[in-house]
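Participant: Build me a model:
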Amino acid sequence: MNAVAENLKTVRTAAGLTQEELAEKLAVTRQAVSSWETGRSEPDIDTLLAIAQALDTDVSSLLYGPREAPYRQMQRKYLACFWICLAVVVAGLVCRYTLGPALIAYRARTYDGLPYFLYLFSVPALASCAGGVLAACIPSLFTRVRVSARVRVILLTAGVLFLAAPLLFSLQTIALMISSEALQPVFTGLQFAVMSTSSIDLFFRILPFFGGAFLFCGLNR
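Facilitator: Modelled structure (predicted):
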């Protein structure tokens with residue numbers, strides 16, 4: 001196997017693409033890609049340029065082997081994501097033990113539950129989503145993590161669904177709460193349901209956590 005064949009397979013694998021997926025990007029057959037990687041044939045210069053573009057690399061990586069980028073340059077975006085998400089998680093924890101109890105006390109004094117439910121429908125979900133992104137981001141600080149295009153689509157779809165569920169639930173509940181006083185008995189029952197530990201954990205902690213993790217993995221190309 002020649003150098004180009006070895007380098008092509010290495011770069012393709014690192015990019016998380018199968019031979020079929022690379023072939024689709026290049027509008028060639030899978031057998032052509034397999035032939036290049038086994039050294040039975042070599043791509044011409046125009047094809048090398050197309051391959052480099054499809055794999056988001058340069059031709060020199062295909063000719064001479066991929067070169068590792070400096071750590072700071074390569075991991076800068078992951079470090080920024082890590083610190084931002086960590087700050088959001090810490091802020092969510094602070095709000096849980098300060099703002100949350102204060103709003104509960106305010107609701108007890110004024111019988112106005114809207115501020116507390118606005119907090120309940122936003123802060124825990126946002127902090128949990130950031131926690132999911134943080135958990136998925138940590139491995140990328142130390143190694144290159146990539147998945148195939150098909151898996152990315154699945155992860156993105158799951159992430160959107162997991163985040164849409166609590167968002168739609170929150171918007172619907174808040175809209176009902178401010179729409180009509182005649183529906184107050186319905187709101188009271190719904191509030192008790194939302195206040196249950198299982199509902200809070202499911203809609204505002206568990207689903208956003210996995211939604212954030214799935215979205216990060218799906219967007220990490």
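Participant: Now Leu134. Nearest residue, chain neighbours left out?
Facilitator: Leaving out its chain neighbours, the residue that sits closest to Leu134 by CB to CB, 6 or more residues apart in numbering is Cys85, at 4.0 Å. Yep, even glycine has a C-beta here, placed from its N, CA and C like the rest.
Participant: per-residue confidence at the spatially closest residue to Ala14 that is not a sequence neighbour?
Facilitator: With CB to CB, 6+ apart as the criterion, Ala14 has its nearest non-adjacent residue at 6.2 Å, and that residue is Arg144. Arg144 carries a pLDDT value of 73.
Participant: Backbone dihedrals for Arg144, please?
Facilitator: Per-residue torsions, Arg144: phi -80, psi 120 (degrees, to the nearest 10).
Participant: isn't it right next to Ala15, touching?
Facilitator: No: in this structure, Arg144 is not within contact of Ala15 by CB atoms under 8 Å, at 9.5 Å.
Participant: What separation is there between Leu99 and Leu168?
Facilitator: Distance, Leu99 to Leu168, using CB to CB, to the nearest Å: 24 Å.
Participant: go on, Ala149?
Facilitator: Ala149 is 28 Å from Leu168, where distance means CB to CB.
Participant: which one of those two has more residues nearby?
Facilitator: The residue with more neighbours, out of Ala149 and Leu168, is Ala149; 15 against 11, by other CB atoms under 10 Å.
Participant: Tell me which helix or strand the residue nearest to that one when sequence neighbours are not counted sits in.
Facilitator: Setting aside the residues directly before and after it, Ala149 is nearest to Glu21 in space (CB to CB, 6+ apart), at 5.4 Å. According to DSSP states H and E, Glu21 maps onto helix 19-26.
Participant: Does the residue nearest to Ala149 touch Val147 like I think?
Facilitator: No: counting by CB under 8 Å, no contact exists between Glu21 and Val147, whose distance comes to 11.4 Å.
Participant: between the two, who's got more neighbours?
Facilitator: Shown here are Glu21 and Val147; by other CB under 10 Å, Glu21 has more neighbours (18 against 15).
Participant: so what secondary structure elements neighbour the lengthiest helix in the chain?
Facilitator: Secondary structure of the chain read by DSSP state H shows that its longest helix is helix 149-177. Packing partners of helix 149-177 (3 or more CB pairs under 8 Å, 6 or more residues apart in numbering; DSSP states H and E): helix 114-120, helix 123-137, helix 184-195, helix 207-219.
Participant: who's more crowded, Arg144 and Ala15?
Facilitator: Per other CB under 10 Å, whichever of Arg144 and Ala15 has more neighbours is Ala15, with 18 against 13.
Participant: low-scoring stretches of this protein, by residue?
Facilitator: Within the chain, the ranges that satisfy pLDDT under 70 run 1-2, 66-74, 172-203, 221.
Participant: Domain-wise, how is it divided?
Facilitator: Listed by automatic domain parsing, the domain ranges of the chain are 3-64, 71-219.
Participant: The shortest one: how far from the chain's middle?
Facilitator: It stands for domain 3-64. Relative to its parent chain, domain 3-64 has a centroid offset of 28 Å by CA atoms, centre = their mean, to the nearest Å.
Participant: That concludes my questions; thank you for your assistance.
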